[in-house]
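Visitor: Here is my input; please provide its structure:
(chains A and B)
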Amino acid sequence: MNKKNKNNFTNDQLLKFYEKMFLIRKFEEKAAQLYGAGKIGGFCHLYIGQEAVVIGILSSINSEDTVITAYRDHGHILARGVDPKLVMSELTGRKDGISKGKGGSMHMFSKANRFYGGHGIVGAQVPLGVGIGFAHKYRNEKKISRVYLGDGAMSNGQVFEAFNLASLWELPVLFIIENNKYGMGTSIGRSAAGGELYERATVFGIKGEKVDGMNFFNVSESAIRAREYIEKNSKPYIIEMDTYRFRGHSMSDPGLYRTKDEVNKMKEIDPVLMMKETLLNDYKIQEESIKNVESDIKKQIKDVEKFSLESPLPDLKELYTEVYL
Amino acid sequence: MKILLPALSPTMETGNLVKWLVKEGDSVVSGDILAEIETDKATMELESPDDGKVEKILVKEGTENISVNTEIALLRVDGEEIEEISEKPIEKSPQVSSNGSEQPATEVKISMNSLLNQTKENSDEKNWSEKEISMREALNKAIEEEMEYDKDVFLLGEEVAEYDGAYKVTQGLLDKFGSKRVLDTPISEHGFTGLAIGAAMAGLKPICEFMTFNFSMQAIDQIVNSAAKSLYMSGGEINVPIVFRGPNGAAARVGAQHSQCFVSWFSHIPGLIVIAPSNARDAKGLLKSSIRNPNPVVFLEHELLYKEKTNVPEENDFLIPIGKGNLIKEGKDVTIIGFSMSVQRILNALPSIEKLGVSPDIIDLRSIKPLDEELIYNSVKKTNRVVIVEDGFGNTSFGSHLSYLIQSNCFDFLDSEIIKVSGKDVPMPYAENLEKLALPNTDEIVSAVKKVSYIN
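Guide: Below you'll find the predicted structure:
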């Protein structure tokens, strides 16, 4: 058994995880392209560079577990298994979008896939996710609510109220900080005082750790450890993922707050490429198998693009539907 | 030294003497507990103000509805002469009438209960078994019945459980349903409101109490951006079946930060339902409907109405549909529209209005959003004149919107301008006279009726 694979994933499983990471990467590259072409409007926050986080966590999730995140959510909803055609059609604002074109990039949900959004207000998803964990406990469900938040949210007041409640009421919640080093254009050093971000939760009695979020295996191992802790202790847990986004905060971000050198240096530890190399070198997965996966995804993305551009605009009557149930 | 029944809460006018803990002849020192007094909010201990001997007990234990400042005992303080029991009641602070001047109010109170009984007779409602209870008890019953009816309903908020509710609305619910379903939260509105909304997204039906709606401002982002908009943003995927409830508006001299009506704020938001009942019966029927509703409901109560009693059906299937106003008094000359506390203000003004020879339709909106437009327009088409009374600030208010709706839907029927009697556009002052002046008062309502009726 390989040292890096403490989780005993089979090669087929690992290839599946790689496929998901590659799907997110290619999906986001296509989204960037469509945004540039004026086919996607508004805000569009790409997940490129952070793929190992969501797929590493995915490797620890039961299908019944719930997930909630903020606005950088394309990778998350894809990881949860929602059809990329529906996701891209939401970005293009079409009738077949997962939110019928009424949510947009930041507001996508799927109850069937246990994905609770997609929230546009920094920090707001954290109390919501704690509430979903509350519902799991209330109903004696053996589920864990996974709550993603960025480094920027870690200075937002309601997040600490949510930590307090989650710990006080012993709720099955895993907090995952995706620390990509910048809250929009403000570096973490210019926004957060004190030590490590996850330590801010430990004062509420929440155990946690910091993990290399660029490496699928490290993330996965930590995610499984967290799951076991929550299941055993019925208490929340927090993981801080050291990660990086290769693109701007959103598509309209000129990125003047960081140097090209810094970005290029981080690209040397590109999580998708590293995963591929590990599969080739350490797991001896055939290059051809990987190439097949990649070419299937590329083909799929072409179909996704076509679908999302051919899907009609929402009916005008949709304006007034779904305000109330 | 005379021991007087003290005011133990901002809204306390009378109290009950539950129990004497001393008897005549007992020696006490300052701080000893003399008696237990039940206020409108809680049972409190009355401490001895000085060292001395209990000379005489003037009010027996078990006595109810004792006015604040009534002499309840005499204490012989060491070294002081014995005081005579005064024959006359203790002089109270100056009476401030509803227009803020220092003269006794000569308002004749019209009972909400009798009006409701009349409107019931005119409707074909089924015959309920009714009991006269306060709005506080009615709300409590509504929550209790709905928690029995649906195990997904739970209650959370500050002091709702072990303290029995800051205003006793949730009294006894912890004992009945346990700490899993009745939860005391930290003073953490932004956090627990978000938590409650998240739980609702996952299918539970929370009742989220704000100790007062002023504190909901801490959480307004979650109410507006998470609760109200999720159904729409998700293309119908995520609904949020939650009730936000608590006292709203001005209570009694609690100052600017605790006295504000949020009807205009919440009714501005698509996706929210807004309810503001004026009486116990409506409070029960509407709170039950709100808890069963699959949308987020902002349920605005009023502290000064908590003690007001009406007949309330005891059956657990008594529901009042959301979106239906109530024509509580039928007339012909002018339509006066109010909700929550402003209905009481209209009733206070009614004798003076009738003295003018004017017979008004009085509409209690009950539901602000959705609004019973049909009821309003039918009345206006009959009376051709409208006065709107609201406690909230007049600027960009719900009443402003209502007058817009009426003029655009009943333009050809109006014989006068529409007059809106609103709260003044000032932070709520503390002084008793200024506070009364800041809120809509009888004189203003009567003047408005005169003006729309062209009476000089």
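Visitor: who's in contact with residue 18?
Guide: All of this refers to chain A. Neighbouring residues of residue A:18 by CB atoms under 8 Å, 6 or more residues apart in numbering or on different chains: A:272, A:275, A:276, A:279, A:290, A:293. For every residue, glycine as well, the C-beta is placed using N, CA and C.
Visitor: think we crossed wires, I meant chain B
Guide: Going by CB under 8 Å, 6+ apart, residue B:18 touches B:35, B:36, B:37, B:38, B:43, B:61, B:62.
Visitor: of those residues, the lowest pLDDT goes to which?
Guide: The lowest pLDDT within the contacts of residue B:18 belongs to residue B:43, which sits at 81.
Visitor: Next, see if stretch A:133-145 gets close to chain B.
Guide: Yes - judged by CB under 8 Å from any CB of the partner chain, stretch A:133-145 comes into contact with chain B through A:133, A:134, A:135, A:136, A:138, A:139.
Visitor: quick one: which of these has the most company?
Guide: residue A:133 (33 neighbours; other CB atoms under 10 Å in any protein chain shown).
Visitor: quick check, nearest of the residues of stretch A:133-145 next to chain B to chain B?
Guide: Nearest to chain B among these is residue A:135, at 3.6 Å by CB to the nearest CB.
Visitor: Helix or strand for the closest one, just tell me which one.
Guide: Assessed by DSSP states H and E, residue A:135 sits inside helix A:125-138.
Visitor: about what we covered before: just name the closest of the contacts of residue B:18 to residue B:151, please.
Guide: residue B:43 (31.3 Å; CB to CB).
Visitor: Would you mind measuring from that closest one to residue B:171?
Guide: Counting by CB to CB, to the nearest Å, the gap from residue B:43 to residue B:171 is 11 Å.
Visitor: and if you look at residue B:375?
Guide: To residue B:171, residue B:375 is 34 Å away according to CB to CB.
Visitor: Quick one: name the residues of the stretch 151-300 of chain B near chain A.
Guide: B:154, B:180, B:183, B:185-186, B:188, B:190-204, B:221-222, B:225-226, B:230-239, B:270-271, B:273, B:294-295.
Visitor: Which of these fall within helices?
Guide: Among these, DSSP state H puts B:190-201, B:221, B:230-233 in helices.
Visitor: Report the buried residues of stretch B:300-311.
Guide: By neighbour count on 16 or more other CB atoms under 10 Å in any protein chain shown, the buried set for stretch B:300-311 is B:300, B:301, B:302, B:303, B:304, B:305, B:306, B:307, B:308, B:309, B:310, B:311.
Visitor: Between the two ends of it, how far is it?
Guide: One end of stretch B:300-311 sits 20 Å from the other (CA to CA, to the nearest Å).
Visitor: count of residues packed around the residue lying closest to residue A:52 once chain neighbours are set aside?
Guide: Among residues not flanking residue A:52 along the chain, residue A:271 sits closest, at 3.6 Å (CB to CB, 6 or more residues apart in numbering or on different chains). Per other CB under 10 Å, the neighbour tally for residue A:271 reads 26.
Visitor: Need the pLDDT of residue 284.
Guide: The chain I'm using is chain A. 94.
Visitor: Correction: the question concerned chain B.
Guide: On the pLDDT scale, residue B:284 gets 98.
Visitor: And it, how far from residue B:312?
Guide: 5 Å.
Visitor: Contacts only, for residue B:77.
Guide: Neighbours of residue B:77 in contact, by CB under 8 Å, 6+ apart: B:1, B:50, B:51, B:52.
Visitor: and which of the residues you listed is nearest to chain A?
Guide: residue B:50 (43.2 Å).
Visitor: just checking, that closest one touches residue B:27?
Guide: No - in this structure residue B:50 lies outside contact range of residue B:27 using CB atoms under 8 Å: 11.7 Å.
Visitor: Looking at these two, which is more packed in?
Guide: It is residue B:50, of residue B:50 and residue B:27, that has more neighbours when counted by other CB under 10 Å, with 15 against 12.
Visitor: Would you list the phi and psi of residue B:44?
Guide: phi -120, psi 160 (degrees, to the nearest 10).
Visitor: Quick test: name the residue nearest the centre of chain A.
Guide: residue A:76 (3.8 Å; CA atoms, centre = their mean).
Visitor: That one belongs to a helix?
Guide: Yes - under DSSP: H, G, I helix; E, B strand; the rest coil, residue A:76 sits within a helix.
Visitor: which ones are touching the closest residue to it other than its chain neighbours?
Guide: Distances taken as CB to CB, 6+ apart place residue A:69 nearest to residue A:76, at 4.8 Å, with adjacent residues excluded. By CB under 8 Å, 6+ apart, the contact set of residue A:69 is A:76, A:117, A:118, A:119, A:125, A:147, A:148, A:149.
Visitor: Now tabulate those residues in CSV and tack on distance to residue A:105.
Guide: Listed next are these as CSV, based on distance: CB to CB, whole Å:
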residue, distance to residue A:105
A:76, 12
A:117, 12
A:118, 9
A:119, 12
A:125, 15
A:147, 20
A:148, 16
A:149, 18
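Visitor: Keep only those of the residues you listed that are in strands.
Guide: In strands, defined here by DSSP state E, the members of these are A:147, A:148, A:149.
Visitor: What about these, which one has the most neighbours?
Guide: Highest count within those by other CB under 10 Å belongs to residue A:147, 31 neighbours.
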